[in-house]
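In: I would like to see how this sequence folds:
(one chain, ligands or ions: 1)
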Amino acid sequence: METDVLVVGGGVIGCALAYELAREGIEVVLAERHDLNTQASGGNAGSLHVQIMSFQMTIEDLRWRQIIDGNVRLYIAAVRTWQELARELDSDVELHVEGGLMVAETPDQLEGLERKAARERAIGLETHVVRGAELFAIAPYLSDRHVVGATICPIEGRINPGLATPAIARSAERAGARFLRHTVVRAISPDNRGFEVETTRGSIHCKRVVNAAGLGAGEIAAMVGVNIPLAAPEVLHMNVTEPACQFVDHLVQHAGMRLTFKQASNGNLIIGGGWPAVIDPATGLPAVTRASVEGNLWIAQRIVPELGHLRLVRTWAAVNAGISSGPILGEVSGLPGFFNAVFGDAGYTAGPICARIVVDEMTGRTPSVDRASFAIERVHANP
Ligand SMILES: Cc1cc2nc3c(=O)[nH]c(=O)nc-3n(C[C@H](O)[C@H](O)[C@H](O)COP(=O)(O)OP(=O)(O)OC[C@H]3O[C@@H](n4cnc5c(N)ncnc54)[C@H](O)[C@@H]3O)c2cc1C
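Out: The predicted structure follows:
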């Protein structure tokens, strides 16, 4: 098979790349080891995150502080990109941008939120602290026994990843992208016309490769001698309650504990926030633990007492890639035609903007977000 661009990986980033490239009229083939949207992108919580996470506020390392601030700028553009993209897709993807709250239970946490909001405003994100009657008027579902205040970020929200990635893939296919499902990329050899790529379904010759392989991104980059520093993958737990009448509009997070939740369009409460899951040694697949079910639901009920009346109907676990250097986007200097589109962190939120930044670079346009802070050269200069 011959193509101009080969995208490796069929998660949200790979599918968005295929869509952006195909609609530019660029020939694109996407190779995916399993089926589309079955790894992190299909197993994620669907929160559109923009605020700095509270644990990130404790990081002193200057390089990491710059990465975190850079990600916030990217997330601001990311939500706008989702809003534009959702209008172009052929079905509703349950995109709601109704604001996010990060709640505090103690004066210390509230003081931390004040500092966080000041830092965010300096970066260009409008967040502010609300408390007392003002907070409970905005979010009457929060416990007035436990919650003392919150930051509010108007551009956070939610999306349904089970609808959104397939909708992007359908649009990409309609625009001419070709998808090779159940096709594993095994080797990549640069040659004088581009790259010869060996897959489990034969070889593909392409002029350019984009590495959007998520957890497999380190392996793909290593095939062409490029080092992507990966951290240990995070195996994460999610809970879902039975549907209830719509009573939570916001994405809610906790300033001091592991908690995120939101109410989906069909009424289910989706509860997570980074509780750990495990890899089952018998199957090699992610599996939930009872301790995370209980811990996650305990804190959720404490913040929203109404949740205590709902039954848990489903749990799941999935694996997120850890990129120990922060996101890596764009062409590798010294290896023309080889691009990375690797995010980690809140990569579902960032998926479409990452694709757009890489495609802007491929087509010679100036990206809407400065790519320099995501370049791999930055990582190699500071290993
Ligand atoms: C439980 C959980 C909750 C999360 N919640 C949120 C959230 O609320 N909001 C948010 O923004 N982010 C969230 N995330 C993070 C987010 O899901 C990921 O950052 C994002 O989906 C990454 O997208 P991706 O396309 O890079 O990776 P993936 O979706 O993992 O896609 C990469 C694909 O590459 C394929 N691949 C790998 N190697 C090869 C190979 N050799 N050949 C062919 N194909 C290959 C894989 O099979 C995979 O399908 C969460 C993650 C988890 C696990």
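
In: Need the contact partners of the host helix or strand of residue 298.
Out: For residue 298, the element it lies in under DSSP states H and E is helix 290-303. The contact list for helix 290-303 (Cβ atoms under 8 Å, 6 or more residues apart in numbering) reads 103, 142-143, 146-147, 237, 239, 252, 254, 257-259, 261, 269, 271-273, 275-277, 307-308, 312, 315. The way it works is simple: take the backbone N, C-alpha and C, and place the C-beta from them, glycine included.

In: out of these, which are buried?
Out: 103, 142, 147, 237, 239, 252, 254, 257-259, 261, 269, 271-273, 275, 277, 307, 315 (16 or more other Cβ atoms under 10 Å).

In: out of these, which touch the ligand?
Out: With Cβ under 6 Å from any ligand atom as the criterion, the buried ones among the contacts of helix 290-303 include residue 272 near the ligand.

In: Can you list which of the buried ones among the contacts of helix 290-303 are found in strands?
Out: Counted as lying in strands by DSSP state E, out of the buried ones among the contacts of helix 290-303, are 103, 237, 239, 252, 254, 261, 269, 271-272, 315.

In: Now do the contacts for residue 21.
Out: So residue 21 contacts 5, 7, 28, 177, 359, 362 (Cβ under 8 Å, 6+ apart).

In: and which of those residues is nearest residue 289?
Out: Lowest distance from residue 289 to the contacts of residue 21 (Cβ to Cβ) belongs to residue 7, with 34.5 Å.

In: right, and the closest one touches residue 29 too?
Out: Yes - if you go by Cβ atoms under 8 Å, residue 7 and residue 29 touch, sitting 7.3 Å apart.

In: So the two - more neighbours on which side?
Out: Using other Cβ atoms under 10 Å, the more surrounded residue of residue 7 and residue 29 is residue 7, with 32 against 23.

In: What are the buried residues along the helix or strand containing residue 121?
Out: Here residue 121 sits within helix 107-123, counting by DSSP H and E. Within helix 107-123, the residues scored as buried using 16+ other Cβ under 10 Å are 109-110, 112-113, 116-117, 119-120.

In: Show me which of the residues you listed is closest to the ligand.
Out: Top of the list for closeness to the ligand, among those and by Cβ to the nearest ligand atom, is residue 120 at 17.3 Å.

In: where's the closest one relative to residue 101, distance?
Out: As judged by Cβ to Cβ, to the nearest Å, residue 120 and residue 101 stand 14 Å apart.

In: Show me whatever sits in contact with both of those two.
Out: residue 153.

In: For residue 383, give me the pLDDT.
Out: Note for residue 383: predicted pLDDT of 50.

In: what's near enough to touch residue 237?
Out: 272, 275-277, 288-289, 292-293, 296, 315-317.

In: Nearest to the ligand among those residues?
Out: Lowest distance from the ligand to the contacts of residue 237 (Cβ to the nearest ligand atom) belongs to residue 272, with 5.9 Å.

In: Residue 261 is in contact with that closest one, correct?
Out: Yes - at 7.3 Å, residue 272 and residue 261 qualify as touching, with contact defined as Cβ under 8 Å.

In: what angle do the helix or strand residue 152 falls within and helix 107-123 make?
Out: Per DSSP H and E: residue 152 is located in strand 149-153. Strand 149-153 runs at 20 degrees relative to helix 107-123, counting by axes from the mean of the first three to the mean of the last three Cα atoms, to 10 degrees.

In: Which is the succeeding secondary structure element to strand 149-153?
Out: That would be, after strand 149-153 and using DSSP H and E, strand 157-158.

In: Tell me which helix or strand comes right after that next one.
Out: helix 161-174.

In: Restricting to C-alpha, output that next one in PDB.
Out: Taking C-alpha atoms only, helix 161-174 is exported to PDB below (Å, rounded to 0.1, in the frame of the first residue of the first chain):
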ATOM      1  CA  PRO A 161     -16.100   9.700  24.200                       C
ATOM      2  CA  GLY A 162     -18.200   6.700  23.100                       C
ATOM      3  CA  LEU A 163     -19.900   9.000  20.600                       C
ATOM      4  CA  ALA A 164     -17.300  11.600  19.700                       C
ATOM      5  CA  THR A 165     -14.300   9.400  18.500                       C
ATOM      6  CA  PRO A 166     -16.500   7.300  16.200                       C
ATOM      7  CA  ALA A 167     -18.200  10.400  14.800                       C
ATOM      8  CA  ILE A 168     -14.700  11.900  14.000                       C
ATOM      9  CA  ALA A 169     -13.700   8.600  12.400                       C
ATOM     10  CA  ARG A 170     -16.900   8.500  10.300                       C
ATOM     11  CA  SER A 171     -16.200  12.100   9.100                       C
ATOM     12  CA  ALA A 172     -12.600  11.200   8.300                       C
ATOM     13  CA  GLU A 173     -13.700   8.100   6.300                       C
ATOM     14  CA  ARG A 174     -16.200  10.200   4.400                       C
END
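
In: Now find how far off-centre the helix or strand following that helix is within its chain.
Out: Counting by DSSP H and E, the next helix or strand C-terminal to helix 161-174 is strand 178-180. Strand 178-180 sits 23 Å away from the centroid of its parent chain (Cα atoms, centre = their mean, to the nearest Å).

In: How about the stretch 251-383 of the chain: which residue is closest to the ligand?
Out: For the stretch 251-383 of the chain, Cβ to the nearest ligand atom, closest residue to the ligand: residue 347, 2.1 Å.

In: Check the burial of that residue by counting its neighbours.
Out: Neighbours of residue 347 using other Cβ under 10 Å come to 24.

In: again with the one 10 residues further on
Out: As a burial measure, the neighbour count of residue 357 was computed by other Cβ under 10 Å and equals 26.

In: and stretch 216-232, is it in reach of the ligand?
Out: Yes - residues of stretch 216-232 are located near the ligand by Cβ under 6 Å from any ligand atom, namely 216, 220.
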